[in-house]
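1. Give me a model of this one.
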Amino acid sequence: MNLHRNICFLFVLLLITVAGCKNKGKAQKMNEKFNWTGTVSAPEEYPMEVYDGAIIADDFTFRFDEMWGTQNTGWGETGGVFSIDREQMDAPDSLKFTWMSLVEKKFYTGSWKLDKDKIAKLFREGYVNDLTHQKGTYNMIKVGLAPKGLVVVWLSGVGFQTEVGSYQAVDTVIKKEDAYENAKYMFDDDFIPRILADKNIMKPEIKAKIASQGYPEPNVYQVYRERFNWRPEIHLPKGGKEAVLVYQYFNGEIETRFGDELVENQYMSRAAPKSITLIWKDKAGNKNAVGVEPFNEKEIINAFKQLGNTSKIDMVITVNESNSAAAIVLKDEHDSIKIVSGKIEISENLTN
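-> From the prediction side, this is the model:
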């Protein structure tokens, strides 16, 4: 009888201990703090004027207003950066934003719940920095504003940028008399044409591209988000060894892979690449690079679409023995497509 009581007591004690550990783990996660700031990203061809917004956490709100002005540094690129007086905050759980799309001549607005658990997990786990081989961390939340009210949110750090959500804003009408005082300039008759004519905002090369090709299709920023199951397959001159591979994608994401990740070379769900840079060492230990910067957008996206997103795709990059040229083929088990329009650059004997 005493033995039975002792066993019962130990079992109850074990349950209490396990529950306590679980609650302690939850409490630790609830108390997690991270160092982050915010910024805005918008396409070069489609300038966006910030009206009002906020990235919201339980203990902190990062605000946007007219002081951010016109943003069009490029899709996924970093816009304006404002310093803040906080270093440790909760992961954010919601976003609200109102802005003017100058080319479309309309306002968009919306408020959305963010995936706080996903954001906290990325903040917590970070990544390995290829230069220091130490843990790096995401420290910036980018809010991407695209035509037709598309909103994309990325976490950004050195060598990595990861999408954590996409959202849809709705058209809204704001009248000058209802706007807050500092934002009334947006309603001046000459505001939009003046901004679109400003060479410091609309770069001459961007205006020339628009003049010859027209504006990008407004829905292309959604098209960029389509993912495919692919990996690189690298063929180097005899004795060559891959060192670092940097991907930048049309959807705004960035990743840097090296070491065991290049050896394992797993298929991953990725968007179509905007550029790829491979750093490699030849048999003498000299550091070289081959880069496709950029791919031809229509060619590479159409090639991925032709192969589809249900099969495993290899991007075969072959550097010739003299390290003077490279060839690229996209293939799956049924088909292969030569990629011929990307701008390939090769560098030898890098010092860094």
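2. Q248 pairs with what?
-> Beta-bridge pairing of Q248, defined through DSSP bridges, involves I254, S275.
3. What residues does A183 make contact with?
-> Going by C-beta atoms under 8 Å, 6 or more residues apart in numbering, A183 touches 51-52, 65-66. All C-beta atoms are positioned from the backbone trio N, CA, C, and that covers glycine.
4. Let me see the confidence value for it.
-> A183 carries a pLDDT value of 98.
5. measure it to K106 for me?
-> Applying C-beta to C-beta, to the nearest Å, the value for A183 to K106 is 15 Å.
6. What of D188?
-> According to C-beta to C-beta, D188 and K106 sit 16 Å apart.
7. between those two, who's got more neighbours?
-> K106 (16 against 10; other C-beta atoms under 10 Å).
8. list the contacts for that one?
-> By C-beta under 8 Å, 6+ apart, the residues touching K106 are 100, 171.
9. who's it bridged to?
-> With DSSP bridges as the criterion, K106 is bridged to S101.
10. so what's it scoring on pLDDT?
-> Looking at K106, its pLDDT is 98.
11. Then the one 4 residues further on?
-> Per-residue pLDDT puts G110 at 98.
12. Quick check: it touching G53?
-> No. In this structure G110 lies outside contact range of G53 using C-beta atoms under 8 Å: 9.6 Å.
13. Touching both of these two, which residues are there?
-> 96-98.
14. From the residues you listed, list the buried ones, please.
-> Among the shared contacts of G110 and G53, those scoring as buried are 96-98 (criterion: 16 or more other C-beta atoms under 10 Å).
15. mind checking the SS state of T162?
-> strand (DSSP: H, G, I helix; E, B strand; the rest coil).
16. Leaving out the residues flanking it, which one is nearest to it?
-> Of all residues not flanking T162 in the chain, L155 sits nearest, at 5.2 Å (C-beta to C-beta, 6 or more residues apart in numbering).
17. contact partners of the helix or strand hosting the one you found?
-> Element membership of L155 [criterion: DSSP states H and E] is strand 150-157. Residues from elsewhere that reach strand 150-157 (C-beta under 8 Å, 6+ apart): 41, 76, 78, 95, 97, 110, 112, 114, 119, 122-123, 126-127, 136-146, 161-169, 221-222, 225, 251-254.
18. From those residues, which land in strands?
-> Residues of the contacts of strand 150-157 located in strands (DSSP state E): 41, 95, 97, 110, 112, 127, 136, 140-145, 161-168, 254.
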